[in-house]
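Enquirer: only geometry, no sequence info:
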């Protein structure tokens, strides 16, 4: 048995060497421009490669070295390729490892696989993609051209017609596919789509890709989509940070829970802080932010419902761009500073209920995760939440300023929050039905599961709070009154 295994291993090594030698000869015979590769110290299984930074790209003028390791069972398994020169690219991690499907799940030992192509698109000039290099994977079905090819971006790209998995959502690759379409014309169409909606925004009064027109557009809203803008580098950096480091939200949530727990223990033996001026200022700030956000995102939702219908409103993520895109990002990012709500509760020794900190921690994680995916249903969630927050924070600000507000106002706010949870659950069920029917919807399956669990638990917790505060005065009047009078016990809806 040992001999048999040894023979198989030697045979595998021999086959791999033949293939590697052949590829080296072809490389020397017809070397590609701007790059070179060859074995290190005659070790055919370990190569070093050099790539010159492409012109008119962020890498222009750079020299990048790579290490290539061929496995013993090559070409049946892909080589391991890593950049030894530090490079910043969405498909290359901090260790230099290249994350491309063609080196993983889509690897093929066949040298000339005519059913699997790789394409490269240079970012069109005068667009947010200028200077970028974008790789695509093209799979032709067995019954091509009667069925369209499957084209996906393997480079991360943010565009209303490309979902978080890189899948391109265009009618010419679906219902409007024609067997007469040819590969070059498809690529030209893709390039034009990269710039079409930006050109539309510049040449018309339209301010969002959905077609909605805002009567005025602030300068930072106008440049939000341009990641290369220098005037708003801070916004650009924060947006990129949220996209690439959304998982940091787990750390923030854990730190938040730890700090409020230790803070609560610390304050047990100490007198409460009044902090009323600071509390009023904080609530006014959040009220103004929520009002502005609602004014900017709700018109886009109404327009989309009227023009395209309900399915588009929950399945197309065009709201992630333009003016609405800026306020969607701001809404998600604001979940981090909103954690300061709990600081006032702890320092003022107000009742801190489970719903409050559970909501704050989970909504932070979900919002950052959803923004990373450019989740289409966020159009509804952001609009509903901004409206509820605009009313709620205004109420809390007035209470902090010692205005007397009728009791039914706080009841109305909680009812609005409950209504939001019901709508959120309905939207998730509708998306689940759409995806089950094989239709495209720019909401990932994982996001759908997390969102459903989150909204369902929020509904149960808010319903329990509502019953205790307003419906059962005989058994919990004192507790309900205490919760109602706690003007800073923020119970915000997602």
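Expert: Cool, got the structure. A quick note: this is a predicted structure, and the numbers were derived from the prediction, not measured.

Enquirer: wait, residue 362 touches residue 454, no?
Expert: Yes: between residue 362 and residue 454 there is a contact at 5.9 Å, judged by CB atoms under 8 Å. C-beta coordinates here come from the backbone N, C-alpha and C atoms, glycine included.

Enquirer: element containing residue 57, please.
Expert: Element membership for residue 57 (DSSP states H and E) is empty, with no helix or strand holding it.

Enquirer: next one: it from residue 83, what distance?
Expert: Distance, residue 57 to residue 83, using CB to CB, to the nearest Å: 15 Å.

Enquirer: what does residue 251 give?
Expert: 27 Å.

Enquirer: the two: who's more crowded?
Expert: In this view residue 251 and residue 83 are compared by other CB atoms under 10 Å, and residue 83 has more residues nearby, 19 against 10.

Enquirer: who are the contact partners of the more buried one?
Expert: 64-66, 92, 96, 98 (CB atoms under 8 Å, 6 or more residues apart in numbering).

Enquirer: just residue 152 next, same as before
Expert: Neighbour list for residue 152: 136-137, 165-168 [criterion: CB under 8 Å, 6+ apart].

Enquirer: minimum pLDDT in those residues, which residue is that?
Expert: pLDDT is lowest at residue 165 among those; the value there is 71.

Enquirer: which helix or strand contains that one?
Expert: Counting by DSSP H and E, residue 165 is part of no helix or strand.

Enquirer: neighbours of it, how many?
Expert: Using other CB under 10 Å, residue 165 is surrounded by 10 other residues.

Enquirer: surely it and residue 444 touch.
Expert: Yes: shown here, residue 165 and residue 444 form a contact pair, counting by CB under 8 Å, at 7.4 Å.

Enquirer: strands of the stretch 1-150 of the chain, start to end?
Expert: Remark: strands assigned in the stretch 1-150 of the chain by DSSP state E, counting those that start in this stretch are 35-40, 43-52, 63-69, 80-83, 116-122, 133-139, 150-153.

Enquirer: which of the ones you listed sits closest to residue 459?
Expert: strand 150-153 (36.3 Å; CB to CB).

Enquirer: just give the nearest non-adjacent residue to the most centrally placed residue in the chain, would you?
Expert: The residue lying closest to the centre of the chain (CA atoms, centre = their mean) is residue 372, at 1.4 Å. Nearest residue to residue 372, sequence neighbours excluded (CB to CB, 6 or more residues apart in numbering): residue 246, at 3.9 Å.

Enquirer: and that neighbour, how far from residue 443?
Expert: Separation of residue 246 from residue 443 (CB to CB): 16 Å.

Enquirer: among the two, which residue is more densely surrounded?
Expert: Between residue 246 and residue 443, counted using other CB under 10 Å, residue 443 has the larger neighbour count: 26 against 18.

Enquirer: surely the more buried one and residue 379 touch.
Expert: No: using CB under 8 Å, residue 443 is not in contact with residue 379, being 10.7 Å away.

Enquirer: shared neighbours, those two?
Expert: Residues within reach of residue 443 and of residue 379 at once, by CB under 8 Å, 6+ apart, are residue 314.

Enquirer: which residues of the protein score low on pLDDT?
Expert: In the predicted model of the chain, residues 1-8, 110-113, 124-132, 158, 160, 163-164, 183-184, 191-211, 223-233, 472-494 satisfy pLDDT under 70.

Enquirer: now the helices: where do they sit in the stretch 151-300 of the chain?
Expert: In the stretch 151-300 of the chain, the helices defined using DSSP state H, counting those that start in this stretch lie at 183-203, 219-222, 233-244, 248-267, 276-307.

Enquirer: figure out how far the third one is from the centre of its chain.
Expert: It stands for helix 233-244. Centroid displacement of helix 233-244 relative to its chain, using CA atoms, centre = their mean, to the nearest Å, is 12 Å.

Enquirer: got the angle for that helix vs helix 248-267?
Expert: 100 degrees (axes from the mean of the first three to the mean of the last three CA atoms, to 10 degrees).

Enquirer: what residue spans form the domains of this protein?
Expert: Taking the TED database as the criterion, the chain consists of the domains 1-103, 116-197, 245-478.

Enquirer: just give me how far the shortest one sits from the chain centre.
Expert: The chain centre lies 20 Å from the centre of domain 116-197; the measure is CA atoms, centre = their mean.

Enquirer: swap in the longest one?
Expert: Using CA atoms, centre = their mean, the mean C-alpha position of domain 245-478 is found 18 Å from that of the whole chain.

Enquirer: what residues are up against residue 94?
Expert: Contacts of residue 94 (CB under 8 Å, 6+ apart): none.

Enquirer: over to the one 4 residues further on?
Expert: Taking CB under 8 Å, 6+ apart, we find residue 98 in contact with 81-83, 91-92.

Enquirer: can I get the contacts of residue 83 in CSV with distance to residue 278?
Expert: Putting the contacts of residue 83 into CSV (distance: CB to CB, whole Å) gives the following:
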residue, distance to residue 278
64, 51
65, 55
66, 55
92, 45
96, 48
98, 50
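
Enquirer: check those residues against residue 172 and report the nearest one.
Expert: Comparing the contacts of residue 83 against residue 172 with CB to CB places residue 98 closest, at 30.2 Å.

Enquirer: dig out what the closest one forms beta bridges with.
Expert: Beta-bridge partners for residue 98, by DSSP bridges, are residue 92.

Enquirer: rewinding a little: need the contacts of residue 98 in CSV (columns: distance to residue 32).
Expert: Formatted as CSV, the contacts of residue 98 follow (distance: CB to CB, whole Å):
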residue, distance to residue 32
81, 15
82, 19
83, 17
91, 19
92, 20
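
Enquirer: closest to residue 174 among these?
Expert: For the contacts of residue 98, the minimum distance to residue 174 (CB to CB) is 26.0 Å, reached by residue 91.

Enquirer: who are the neighbours in contact with the residue lying closest to that closest one once chain neighbours are set aside?
Expert: Nearest in space to residue 91, with sequence neighbours left out and distances taken as CB to CB, 6+ apart, is residue 99 at 5.1 Å. Residues near residue 99 by CB under 8 Å, 6+ apart: 91-93.

Enquirer: wait, residue 367 touches residue 332, no?
Expert: Yes: counting by CB under 8 Å, residue 332 is a contact partner of residue 367 at 4.1 Å.

Enquirer: the one helix or strand residue 359 maps to to helix 233-244, inter-axis angle?
Expert: Per DSSP H and E, residue 359 falls inside helix 354-373. For helix 354-373 against helix 233-244, the angle by the same axes, to 10 degrees is 100 degrees.

Enquirer: follow-up on the earlier one: as JSON lines, the helices of the stretch 151-300 of the chain with distance to residue 386 would be great.
Expert: Shown next, in JSON lines, are the helices of the stretch 151-300 of the chain (distance: least, CB to CB, whole Å):
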{"stretch": "helix 183-203", "distance to residue 386": "23"}
{"stretch": "helix 219-222", "distance to residue 386": "15"}
{"stretch": "helix 233-244", "distance to residue 386": "18"}
{"stretch": "helix 248-267", "distance to residue 386": "20"}
{"stretch": "helix 276-307", "distance to residue 386": "4"}
